[in-house]
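[1] Take this sequence and fold it.
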Amino acid sequence: MRVHPGTVTRGIYNLFIVRAVAGVTFQGVSKIYPDGTRAVNDLNLGIEDGEFLVLVGPSGCGKTTALRMVAGLEEISEGQLKIGERVVNYVPSRDRDIAMVFQSYALYPHLSVYDNIGFSLKLKKMDKKEIERRVKEAARLLGLEPYLERKPRALSGGQRQRVAVARALANDPSVVLADEPTGNLDSAATLDVLQLFDGLHKAGQTLVIVTHDARIAATADRLISMRDGAFVEETRLTRGAGGRLGELAGLEG
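    Okay, the predicted model is just below:
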């Protein structure tokens, strides 16, 4: 089932109570491992409310580490990281008001689609009726209603990634993060995911994505190229930009 971006754009406002999204600010942020390796080195970067920002660069450049620090999955060695106006250096991941979509989908294989989408809501001890509303509306928005009782193994790669996105949206996050979200998908499923992110962007969601996929990069507001743990180039994009995207993303053609 193909989901048109307009469906996401129209539906996103009906999915949750309207709330403010948030920006992200790196102020001299570094990640230093015990052996002295600087995976990220003195990163200074501001991401605006509602901006769609893509981090690109060769493998090992620090882009995924930077994303994981925002998510609270990597400790910050130096500097200060803010989500909105709040310093989150020592805030647990679950309390950062963010959602992350992984390349591997990170679904629970023994749970149904319904329970995967609602899992974190149950952990928050949310009212059952509110969980049902959020799960069903996210499923409707992403074309997952026929699959709510299925287990992840019964879904295609594109459908699994849609479940991961639905789970992210059900938490009503101020920032959505994604790490190589099309890395395991075929062309048709990739198009579905591109449409989803494009619709979220149009609806005003703050998005920060790590990718080697120039098709995702071409839909962003801004492209940040990293190398050796540092920010080396910024490109502001307009719709339909192509040109150097393949080169910047480490792609040929």
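[2] Could you tell me which ranges of the chain sit under the pLDDT cut-off?
    Scanning the chain for pLDDT under 70 picks out 1-20, 238-253.
[3] in it, which helix has the most residues?
    Using DSSP state H to define each element, the chain has its longest helix at helix 187-202.
[4] Using PDB, list the CA coordinates for it.
    Written as PDB, here are the backbone C-alpha positions of helix 187-202 (Å, rounded to 0.1, in the frame of the first residue of the first chain):
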ATOM      1  CA  SER A 187      13.300   0.900  -4.200                       C
ATOM      2  CA  ALA A 188       9.600   0.800  -3.800                       C
ATOM      3  CA  ALA A 189       9.800   0.600   0.000                       C
ATOM      4  CA  THR A 190      12.400   3.500   0.000                       C
ATOM      5  CA  LEU A 191       9.900   5.600  -1.900                       C
ATOM      6  CA  ASP A 192       7.300   5.000   0.800                       C
ATOM      7  CA  VAL A 193       9.700   6.100   3.500                       C
ATOM      8  CA  LEU A 194      10.800   9.200   1.500                       C
ATOM      9  CA  GLN A 195       7.100  10.200   1.200                       C
ATOM     10  CA  LEU A 196       6.600   9.700   5.000                       C
ATOM     11  CA  PHE A 197       9.500  11.900   5.900                       C
ATOM     12  CA  ASP A 198       8.600  14.500   3.400                       C
ATOM     13  CA  GLY A 199       5.100  14.600   4.800                       C
ATOM     14  CA  LEU A 200       6.400  15.000   8.300                       C
ATOM     15  CA  HIS A 201       8.600  17.800   7.200                       C
ATOM     16  CA  LYS A 202       5.700  19.600   5.600                       C
END
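[5] buried residues in that helix?
    189-202 (16 or more other C-beta atoms under 10 Å). All C-beta spots, glycine's among them, are computed from the backbone N, C-alpha and C.
[6] and the next element down the chain from that helix?
    Going down the chain from helix 187-202, the next helix or strand is strand 206-210, by DSSP states H and E.
[7] and the angle from that next one to helix 187-202?
    Relative orientation of strand 206-210 and helix 187-202, computed by axes from the mean of the first three to the mean of the last three C-alpha atoms, to 10 degrees: 140 degrees.
[8] tell me which strands and helices the helix or strand just after strand 206-210 is in contact with?
    Next along the chain after strand 206-210, taking DSSP H and E as the criterion, comes helix 214-217. Using 3 or more C-beta pairs under 8 Å, 6 or more residues apart in numbering; DSSP states H and E as the contact test, the elements touching helix 214-217 are strand 52-56, helix 187-202, helix 245-248.
[9] related to what we said a few turns ago, list the helices and strands the longest helix of the chain packs on?
    helix 5-15, helix 157-170, strand 206-210, helix 214-217.
[10] which residues does residue 115 contact?
    Residue 115 makes contacts with residue 108, as judged by C-beta atoms under 8 Å, 6 or more residues apart in numbering.
[11] Who are the contact partners of the nearest residue to residue 190 once chain neighbours are set aside?
    Sequence neighbours aside, residue 182 is the residue nearest to residue 190 in space, at 4.4 Å (criterion: C-beta to C-beta, 6 or more residues apart in numbering). By C-beta under 8 Å, 6+ apart, the contact set of residue 182 is 161, 189-190, 193-194, 211, 213, 215-216.
[12] Which residues in the helix or strand harbouring residue 27 does the neighbour count mark as buried?
    Using DSSP H and E, residue 27 falls within strand 24-32. Residues of strand 24-32 classed as buried: 24-26, 29-32 (neighbour count, 16+ other C-beta under 10 Å).
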